[in-house]
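Colleague: below are the sequence and a predicted model for it; my questions follow.
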Amino acid sequence: MKAVLDACVLYPSVLREILIGVAEQGLYTPLWSARILGEWQHATLKLGPEATTIASGEIATLRATWPKAEIPPDAALEARLWLPDPADAHVLATAVAGAADVIVTLNLRDFPRRALAPERLQAQSPDDMLMALWLDSPAQVEQVIRDVQARTETLSGRAHPLRPLLKRTRLPRLAKTLG
């Protein structure tokens, strides 16, 4: 399965680390565009220049690790696509050009079924996608989540119980299942 990761699931970092970790397990192939990555980096501006510098490094690492994940822009394709928010058309264009199966986003209402159906696409929340992957490969998904939890605790210097961590990360079903 190929999945376009919208900027809103690449930032914050815990959600991104879970999604990329599951991709590293071979459970799906992530896709994005330079514009999506740019939106993620722009979102870090409110946290200050240090956060933007860190995001730049993380983006460089993603590009190096996943060199085929970045889909080049297609202005003609983007122009023919319709979404309620025209600013999201580039995400749909990335999905179509990359032959994706799904767009993973927290902004589901911006990607209505009627707009995605002609392109044979669907939008899913990260919680729904990760739950489906967990049902197929529970040990792999759980290991990724435990690894991300451990890194989060190491970086913050304090405990982060799994259920509250996943709920804060906007993964409530996964939190209930695993927590």
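Modeller: Received the coordinates, thanks. Numbers count the residues shown, from 1 in each chain.

Colleague: for the protein, where's the lowest mean pLDDT among helices and strands?
Modeller: Least confident element among the helices and strands of the chain, by mean pLDDT, DSSP states H and E: helix 49-65 (a mean of 91).

Colleague: show the subsequent helix or strand relative to it.
Modeller: Using DSSP states H and E, the helix or strand that follows helix 49-65 towards the C-terminus is helix 75-80.

Colleague: how many residues are close by V144?
Modeller: The number of residues packed around V144, counting by other Cβ atoms under 10 Å, is 24. All C-beta atoms are positioned from the backbone trio N, CA, C, and that covers glycine.

Colleague: now tell me what touches the helix ranked longest in the chain from outside.
Modeller: What stands out as the longest helix in the chain, according to DSSP state H, is helix 138-156. By Cβ atoms under 8 Å, 6 or more residues apart in numbering, the list of residues contacting helix 138-156 from outside reads 14, 17-18, 21-22, 24-25, 27, 130, 133-134, 159-160, 162, 165-166, 174, 178.

Colleague: tell me the buried residues in it?
Modeller: 140-141, 144-145, 148-149, 152 (16 or more other Cβ atoms under 10 Å).

Colleague: dump the residue contacts of G21.
Modeller: Contacts were defined as Cβ under 8 Å, 6+ apart; by that measure G21 touches 144-145, 147-148.

Colleague: quick check, nearest of the residues you listed to A43?
Modeller: When the contacts of G21 are ranked by distance to A43 (Cβ to Cβ), V148 comes first, at 19.6 Å.

Colleague: any idea how far the closest one lies from A76?
Modeller: Relative to A76, V148 is positioned 39 Å away (criterion: Cβ to Cβ, to the nearest Å).

Colleague: cool, and R146?
Modeller: Separation of R146 from A76 (Cβ to Cβ) stands at 45 Å.

Colleague: for M1, same thing?
Modeller: From M1 over to A76 (counting by Cβ to Cβ), the distance is 26 Å.

Colleague: that older thread, got the buried residues of helix 138-156 as JSON lines, with distance to R114 and pLDDT columns?
Modeller: Compiled in JSON lines, those are given as follows (distance: Cβ to Cβ, whole Å; pLDDT from 0 to 100):
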{"residue": "Q140", "distance to R114": "34", "pLDDT": "98"}
{"residue": "V141", "distance to R114": "31", "pLDDT": "98"}
{"residue": "V144", "distance to R114": "34", "pLDDT": "98"}
{"residue": "I145", "distance to R114": "34", "pLDDT": "97"}
{"residue": "V148", "distance to R114": "35", "pLDDT": "97"}
{"residue": "Q149", "distance to R114": "38", "pLDDT": "96"}
{"residue": "T152", "distance to R114": "38", "pLDDT": "94"}
